[in-house]
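K.L.:
Predicted model, plus sequence, below.
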Amino acid sequence: MKTKEQIYQDTREMVNKQDKANYLAYYKVFLDNSKRHDIPTEEVEAIIADAYAVYKHKEAELEEILDLAYIDLMESSNREAI
């Protein structure tokens, strides 16, 4: 059976992997669009900005998951200490 510490570490690893995958997806959009000349610059900038906004939203969700896992770990540590 996994300890709360192991569960937290696993969660942190999963969050970091997903965040990296999300960033790479954004970066691919950035690279694919940054040198485009077939559409106006404003459209290119909007595509990149939208991709970045999606990345930042997902990053915030992942941070929340990690925060909740940490709170769970600390609450369980406090219960065990009592």
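P.N.:
Structure received.
K.L.:
what residue ranges in the protein score low on pLDDT?
P.N.:
Counting by pLDDT under 70, the chain has low-confidence residues at 78-82.
K.L.:
How far away from the center of its chain is the helix ranked longest in it?
P.N.:
Longest helix in the chain by number of residues, with DSSP state H as the criterion: helix 41-81. Relative to its chain's centre, helix 41-81 lies at 5 Å (Cα atoms, centre = their mean, to the nearest Å).
K.L.:
In terms of secondary structure, what does that helix contact?
P.N.:
Helices and strands touching helix 41-81, by 3 or more Cβ pairs under 8 Å, 6 or more residues apart in numbering; DSSP states H and E, are helix 4-34. Placement of C-beta: from N, CA and C, glycine included.
K.L.:
burial count for Ala46?
P.N.:
13 (other Cβ atoms under 10 Å).
K.L.:
should've said Arg12
P.N.:
15.
K.L.:
again with the one 10 residues further on
P.N.:
Under the neighbour criterion other Cβ under 10 Å, Asn22 is assigned a count of 18.
K.L.:
now do Ala53
P.N.:
So Ala53, with other Cβ under 10 Å, has 11 neighbours.
K.L.:
again with Leu73
P.N.:
Neighbours of Leu73 (other Cβ under 10 Å): 19.
K.L.:
Please apply the same query to Tyr55.
P.N.:
Applying other Cβ under 10 Å, we find 19 residues neighbouring Tyr55.
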